[in-house]
Every structure is written in structure tokens, then in C-alpha cells.
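Asker: Need coordinates for the following:
(chains A and B)
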Amino acid sequence: MLKYILNRVIVTILTMFVLVTVTFFLLRLVPGDPFAGPKVAPEIKERLRIHYGLDKPLVEQYIIYIKNILRGDFGYSLAKRGHRVNKVIKDAFPWSLDLGIRAMIISIVFGIFFGIVAALNRGKPMDYLTVILVLIGISVPSFVVAALLQYFFGVYLRILPVARYESFYHTLMPSFALSLGTMAAIARYMRASMLEVVTADYIKTAKAKGLRYIQIVTRHQIRNALFPVLTILGPAVAMVLTGSFIIETIFAIPGLGRHYVIAMQNLDYTLVMGLTLFFGFFLILMNLLVDFIYGLVDPRVRHN
Amino acid sequence: MSELDDQLFTPIDLSRKKIVVPGTTTIAFWSDVWQRFRRNKPALIGMVIILLFLFFAIFGPSMVHYSYDKVNLLSTYQFPSKEHWFGTDVLGRDIWCRVWVGARVSLFIAVVSAFSQMFIGIIIGSISGLSGGKMDMFIMRLVDILIAIPFLIWVSLLMLVLGSGILPIILAFSLTQWKEMARLVRGEVLRLKETEFTIAAKGMGASTGWLIKKHIFPNVLPVTLVMSTFQATNAIFGEAFLSYIGLGIQPPMTSWGKLVASGIAEMHHYPYMLFIPAAFISLTMLSLQLIGDGLRNAIDPKMRL
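Answerer: Okay, the predicted model is just below:
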């Protein structure tokens, strides 16, 4: 187990380092000047460059950047003068976290539920209905779902607030729109996993022992089918995270995703870099967590 | 009979006789796949929809006497009618025309980036699987690292560097999407290396080139085709995402993503501007998904999800 953990941690640190390096050099290649503007005098531009340390050689900038990252400092935003990237993240993260957790709960609970229902009713109308819903969930893009929901419930029926994130009712549409794709993916996976274990020997044994159907399903089938579904939690978090870029923009939620989109439009590359790294670190750590959990529940993984 | 008479032997006419080489019955395989695919109704419907969209993408704009970028300020925001089948937008441009010109852009990006990332993925995956050792280790670690970050983040970063337009989008997708394909191909290559027919061919003295051409590539192709169908849906979605946040296609050129973005801005009063392109994007992604599922089931029933 220790060797497994150590191996995962080393890969994680390496991944973070590569991410920092690639992001840093990639964004130095971006054409365009963050200080551009018709009214900015050349002397002031030069001063700004010196102030932000952009006059130093690239390698020196890189070393400074790495040092700052190690201290947890992402620097200043270029477009929002005087704003620290850390401050932006600190202000915006709670919104995204709230939305993300809601979306994850919806997609895990309903995804697993639909997967189980479909598998237990294999070949019956309920199964087909779930399969169709899953297909729609996977193939209709989140921004289309979001915009349609906004139109029908917010504009046409006027029963839910169109945008912003203030009360429980405000959270309904964004969290549902964000969860749909992930929910569909989890349902599909859960269904397949349920159908795979149904032929396993321990199910036959349980039947031979004379256990009741409900006991076989809950104690043996569902429990064993859940393990493989754990592996998709990492990608699911990634899906919810990238989904938030669009959902937060459409519903005007001041979270990280919205800041990321705005920063890209403004060529605010320190903010883009800071947010990319923050997203990256977050996802990498989540993946590490999922790996640990998986290693804990499935001994085959850690011995491999 | 102490001596063999030369007249007992006749040289084989190589040009007339079909030489049967084991492991090359690919034609039968593909017709088999088609037979199974054809019986899958949803997949067939998906294929018909895509073919229809391709047809209209080519001929749709010339069916009406408008052009996609012709501004007509006297007929802005027209609801769908006999004059304008899908209505007009803020500048009075015909949406029927814009939808099909947009279809050209979106479908072109999907097809080209699906094939190019398939190409890159097959090459890198085969190198990794065939060479093994340190090289394999290095490539797979790189893939692990790249996969840890969602493709939309990589694509957005690349788009900032490459600038906007169709070619940068295709380039960004190809550069970021090959990793899943490479991983898949590597796995297949490792599996195929151990199969009896490869070992038999090796035993008969086949060269590496022959092995790749006759045994590895034809067996890797089907699964990569399935995957690239799914990658095409990613490309359609990715293009729409980029256009929505303003990094993708630039006006007056349009794409489905761009049309949805302007539809979202106008939906409070002119909902048709959102519904029409949204329906096309969703139908396309659904059809590609159905085709992918159908292909996967037809090619390898074991892979069924």
C-alpha cells in the first residue's frame, strides 16, 4: 500500500510541475500586449513592464514564478489592476464549490439510481427510457440545456429566476444543467456495471442460499457494482469543472469558471495562468484522492 | 526412378493465382461489420441524419437567393416564414443560409480533427506499444500527465496562442486529443503482439514492417474508428464552447456554436434564434453518438456498454 501511495504522489507532483511549466511558456507565446491601449504612453508601458517584472529574462521570470507558486502566491491580475490572483480565487471559489457540490450530488445520486433501475428492468420500457435519457444527457451540450431551461422556466413560465445565485431557487437550474452530462455518464456506467456482476458466482451462491431478491440486489449486486463506478468520479469532477465555465457565464454566477472565461477574453494571462493552475491542482488532487479510495476498497489495485 | 524429370514441374503463375496470406481477410470483416451495423436501427438513423446534414451543408445555402453575410437592415428579426425559412437575425441575415454555412464549418472541424488526432494517436500509440521499455514508459507518463487536465483547458490555452479561426481550432484539437487514442492503440498493440497469428508470422520470418502492415494496423483500425466517432462529438462541442466564449470562429464567418451563442443573447424575444441551431448541434452530437455505439457493437460485441 505504501509503495502504491508513494508512486501516486510522485506522479502527482510531476504532473503539477509539467502543468506549471507548460502553462508558463505557452502563455508567453500569446500574441498581443496586456498593456495595449490607445491612451497608454510608451514610458508608462515600460514602467508597467518593469513593475510586473516582464523586463527580466524569461528563465529568471520562470524561476520567480515557480518560487511564488511554491509559496502559494499566484501573482497579480494584469487586467484588473491591483487585484491579486489569490484574492480573485478566494472570492470566487466558494461560489463554484457550492455549485459544483450540488451538481456532483445530483449527478451521483440520480446517476446511480437510474443505472440501478435500468439494469434491474433490463429490456423493459423503464430501461429504454433510461437509455434514451442517458443518450440525450450525453449528446445535448450543457449550454444548450442551460439556455433552454433558462428560456422555459425563467422567461416563458416565469417560475424560476433567470440568472444569479442568491437563494435555493436560484441554484436549481444551474446545478441541474451542470449535472446532466455527468449524471448520464454515471447512469450508463452503473447500468453496465450492474449487468456485469449479475452473472458472477457470488450472486449464484446467494441465490442458491435462498436469499431474498431484495437482499441479493442490495447486498451483493449493487455493492459490487459500485466499485468500478468509483473510477469515473475523477473524470466526473473534471466534467463538472469544465462545465462550470459555461454554466457560470450563462447564469451570471461570479465563480471561477466565469472569471476564467472573462480572463481569456481580456488576455489577462496571469489570471488565466493562476486559474489554470488552480483548476489543474484541484483536479490532480481529486484524482489522487479517488486513487487512494480505490486502493483502499479494492486490494487488487494496490498490489498491481 | 532415380532422376526427376524437369518436365514434371511447371512454375506457378504468380500473377494469376491469388495468394492467401493468413490474417488478411479484412474485406470479409468489414462486410460483417456492415451487416451488424445495418441491423442497428438507431445507428442507421444517426447515419441518415448526418448524411442529410452533409447534403444540406453543401447545397443548402444555394437553395435560397440570400447569402450568409448579406446584411439587410429592412428585414431584421423576421420569424421563420416562407421568405426566410429559419427567419433572420439582428442584421437581417438569412438564418437558413447561416445554419448551413455554419454546418460546413462545424462538420469540417469535426471530421478533420477526428481524423488528424486518430492519425497522431495511432503513430504515437504504435511507437509506444512496439518499442516498449523506456520509450513506452516516457510516452505513457506524458499521456497520464496530459490526461489529468481537461481538454477544454488545454484547447483554450492553445487558442490564446494560435489565434482564432478554423485552422487554429483544428490544430488545437489535434494537439490535445491524441492522448486517449494513443493509450488505446498502445493497449491494442500490446495485446496483438502476443496473439498467435503475430507470433506465427514472426516465426515464419516476417519483418516488423510486415507485422505492422498486415497484423497490427488492420486490427487496430476498427477500435480507433469507433473512438474517433466519439472524438468528433467532442470537437463539435469544443468548437461551440470556443465560439461561445469568443475564442473560436470570428464574424462574419459563422458556425453552429456561434449561432447558438447569438441565440442565447436574443432568446428572450426571438427564441427561434436559439432553438434552430441548438437543435442542429444536439441532433448531430446525438447521431454521432448513435453511430459510434452502433459501430462499437458491430465491431466488438464485447465492448458493449
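
Asker: For the residue nearest the centre of chain B, give its distance to B:Ser164.
Answerer: The residue lying closest to the centre of chain B (C-alpha atoms, centre = their mean) is B:Ala114, at 3.3 Å. Separation of B:Ala114 from B:Ser164 (C-beta to C-beta, to the nearest Å) stands at 21 Å. Heads up, the C-betas are built off the backbone N, CA and C, glycines and all.

Asker: what about the longest helix in chain A?
Answerer: When chain A is parsed with DSSP state H, its longest helix is helix A:85-120.

Asker: What are the buried residues along that helix?
Answerer: Buried residues in helix A:85-120, counting neighbours by 16 or more other C-beta atoms under 10 Å in any protein chain shown, are found at A:85-86, A:88-89, A:92-93, A:95-96, A:98-100, A:102-104, A:106-108, A:110-112, A:114-120.

Asker: what distance separates the helix or strand hosting the residue nearest to the centre of chain B from the centre of its chain?
Answerer: Assigned by DSSP states H and E, B:Ala114 belongs to helix B:95-131. Between the centre of helix B:95-131 and the centre of its chain there are 5 Å (C-alpha atoms, centre = their mean, to the nearest Å).

Asker: is chain A contacted by it?
Answerer: No: taking C-beta under 8 Å from any C-beta of the partner chain as the criterion, helix B:95-131 and chain A are apart, separated by no less than 11.8 Å.

Asker: so who does A:Pro174 touch?
Answerer: When contacts are counted by C-beta atoms under 8 Å, 6 or more residues apart in numbering or on different chains, A:Pro174 is found next to A:99, A:146, A:165, A:247-248, A:251, A:253.

Asker: for chain A, what are the nearby residues on chain B?
Answerer: B:141, B:144-145, B:148-150, B:152-153, B:156-158, B:160-161, B:163, B:233, B:237, B:240-241, B:244-247, B:260, B:263-264, B:267-268, B:271, B:274, B:278, B:281-282, B:285-286, B:288-290, B:305.

Asker: now with 7 Å?
Answerer: B:144-145, B:148-150, B:152-153, B:156-157, B:160-161, B:163, B:233, B:237, B:240-241, B:244-247, B:260, B:264, B:267-268, B:271, B:274, B:278, B:281-282, B:285-286, B:289, B:305 (C-beta under 7 Å from any C-beta of the partner chain).

Asker: any chance you could map the helices in the stretch 101-250 of chain B?
Answerer: Taking DSSP state H, counting those that start in this stretch to define them, one finds helices in the stretch 101-250 of chain B at B:133-147, B:151-162, B:166-193, B:196-203, B:208-210, B:217-245.

Asker: could you dump the ones you listed to a markdown table with mean neighbour count and mean pLDDT?
Answerer: Below are the helices of the stretch 101-250 of chain B laid out as a markdown table (neighbours: other C-beta atoms under 10 Å in any protein chain shown; pLDDT from 0 to 100):
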| stretch | mean neighbour count | mean pLDDT |
| --- | --- | --- |
| helix B:133-147 | 15 | 84 |
| helix B:151-162 | 21 | 84 |
| helix B:166-193 | 21 | 87 |
| helix B:196-203 | 14 | 86 |
| helix B:208-210 | 11 | 81 |
| helix B:217-245 | 23 | 85 |
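
Asker: want to throw those into a markdown table with distance to A:Asn287?
Answerer: As requested, the helices of the stretch 101-250 of chain B are arranged in a markdown table below (distance: least, C-beta to C-beta, whole Å):
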| stretch | distance to A:Asn287 |
| --- | --- |
| helix B:133-147 | 9 |
| helix B:151-162 | 14 |
| helix B:166-193 | 15 |
| helix B:196-203 | 35 |
| helix B:208-210 | 36 |
| helix B:217-245 | 20 |
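
Asker: ok, the nearest residue to B:Leu225 once chain neighbours are set aside to chain A distance?
Answerer: Excluding the flanking residues, the one nearest B:Leu225 by C-beta to C-beta, 6 or more residues apart in numbering or on different chains is B:Leu295, at 6.5 Å. As judged by C-beta to the nearest C-beta, to the nearest Å, B:Leu295 and chain A stand 15 Å apart.

Asker: In a strand, B:Leu295, correct?
Answerer: No: checked against DSSP: H, G, I helix; E, B strand; the rest coil, B:Leu295 lies outside a strand; its state is helix.

Asker: quick one: it from B:Leu221, how far?
Answerer: 12 Å.

Asker: what's the answer for A:Thr12, then?
Answerer: 35 Å.

Asker: Give me the buried positions along stretch A:246-266.
Answerer: Counting neighbours by 16+ other C-beta under 10 Å, stretch A:246-266 gives A:246-251, A:253-264 as buried.

Asker: backbone phi and psi for A:Phe281, please?
Answerer: Torsion angles at A:Phe281 (phi, psi; degrees, to the nearest 10) stand at phi -60, psi -40.

Asker: Which secondary structure element is home to the spatially closest residue to it that is not a sequence neighbour?
Answerer: Leaving aside its sequence neighbours, A:Phe281 sits nearest to A:Met16 (C-beta to C-beta, 6+ apart; 6.1 Å). According to DSSP H and E, A:Met16 maps onto helix A:2-28.

Asker: and the angle for that helix with helix B:133-147?
Answerer: With axes from the mean of the first three to the mean of the last three C-alpha atoms, to 10 degrees applied, the angle from helix A:2-28 to helix B:133-147 works out at 70 degrees.

Asker: Provide the angle between the direction of helix A:2-28 and the direction of helix B:151-162.
Answerer: Helix A:2-28 and helix B:151-162 are oriented at 30 degrees to each other (the same axes, to 10 degrees).

Asker: any idea of the mean pLDDT for helix A:2-28?
Answerer: Mean pLDDT, helix A:2-28: 84.

Asker: List the buried residues of it.
Answerer: A:8, A:11-12, A:15-16, A:18-20, A:22-24, A:26-27.

Asker: any idea which helix or strand comes after it?
Answerer: Downstream of helix A:2-28 (by DSSP H and E), the next one is helix A:42-51.

Asker: First-to-last residue distance for stretch A:63-80?
Answerer: Stretch A:63-80 has an end-to-end distance of 24 Å (C-alpha to C-alpha, to the nearest Å).
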